[in-house]
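Next come a sequence and a model predicted from it.
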Amino acid sequence: MPLLDHFHPPLSENRHWESFHTSWANEIMATLNQEVLPSGYFAETQVHFGSRVEIDVATLHRPDKSTASPADNGGVAVQTWSATEVMLMPAIFPDEIEVQVIQRSGGPTLVAAIELISPRNKDRPEARRAFAAKCGAYLQQGIGLLIVDVVTERQANLHDELIQMLEQDEVYRFPANSLLYSVSYRSVRTDLGGGQIEIRPVPIFLGHTLPTMPLALRDGPMVPVDLELTYTRTRQRTVL
């Protein structure tokens, strides 16, 4: 099915993008679990629509300097610590519409993540930096990453934001007119302690079908993520 514009009328007046993106993430998770992932792996969906917390940086709060805890004699002892001011810093808690791939061996271990970008990930510089920092942290840990941006109401390119944060050359950015896109990343370490990041960028267009993207599993294989199949199934299940 062709990609719809979920963020402008007429569709945005009748259907909520949050509901569709959540359903799409769940469909990707189900497809990975039932049809794609090898034995020893499973996928989970993590969805959190974050809020922005803004507090005057000059605001200070002096906490209660004691707390109660059980004493050795069965009573209550008072624990104390050095008096200090608590500084409250502004923070951004970005939206998360994420499918995580977990490896069972050796205890549950995150090996890959798929990020469906939301408008709030793109709306302000600090939100874009927060998203880029999260992606950069995944890549530093060798976690495979796939980002999918079908948000039409914001012009920012979060792949380019990541490239800027990593202080990489302009050659790794999208062309200026690439508004919608998907990018797959795979971290590769070398024996000498260095490494590189494989980047597979694919532009996306309204009215066109979506690509099948590779998803790297840390220290494991690469698996296909069929965005078109999962998007089509989501539209069918949500009667869209």
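Received the coordinates, thanks.

going forward, measure contacts and count neighbours with C-alpha atoms only.
OK.

buried stuff in stretch 105-116?
110-116 (16 or more other C-alpha atoms under 10 Å).

Could you spell out the sheet neighbours of the host helix or strand of residue 182, each with its direction?
Using DSSP states H and E, residue 182 sits in strand 180-189. Sheet pairing for strand 180-189, assigned by DSSP bridges, gives strand 144-149 (antiparallel), strand 195-204 (antiparallel).

Buried ones in it, by neighbour count?
Those would be 180-187, for strand 180-189 by 16+ other C-alpha under 10 Å.

which residues does the residue nearest the centre of the chain form a beta bridge with?
By C-alpha atoms, centre = their mean, the chain has its centre lying nearest to residue 115, at 3.8 Å. Judged by DSSP bridges, the bridge partners of residue 115 are residue 98, residue 147.

Tell me how far it lies from residue 167.
Plainly put, residue 115 is 22 Å away from residue 167 if you go by C-alpha to C-alpha, to the nearest Å.

and if you look at residue 12?
Taking C-alpha to C-alpha, one finds residue 12 at 36 Å from residue 167.

What segments of this protein are strands?
Secondary structure of the chain, counting by DSSP state E: strands at 41-48, 52-53, 60-61, 66-70, 76-80, 86-87, 91-92, 96-103, 109-116, 144-149, 180-189, 195-204, 212-216, 222-226.

In this structure, where is pLDDT below threshold?
Residue ranges of the chain with pLDDT under 70: 50-81, 83, 193.

cutoff 80 now
Along the chain, the model assigns pLDDT under 80 to residues 50-84, 88-94, 106, 190-194.

Closest one to residue 146 out of the buried residues of stretch 105-116, please.
residue 114 (4.7 Å; C-alpha to C-alpha).

is it true that the closest one touches residue 98?
Yes. Between residue 114 and residue 98 there is a contact under C-alpha atoms under 8 Å: 5.4 Å.

Need the buried residues of stretch 105-116 in a markdown table (columns: distance to residue 216).
Shown next, in a markdown table, are the buried residues of stretch 105-116 (distance: C-alpha to C-alpha, whole Å):
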| residue | distance to residue 216 |
| --- | --- |
| 110 | 12 |
| 111 | 8 |
| 112 | 7 |
| 113 | 9 |
| 114 | 10 |
| 115 | 14 |
| 116 | 16 |
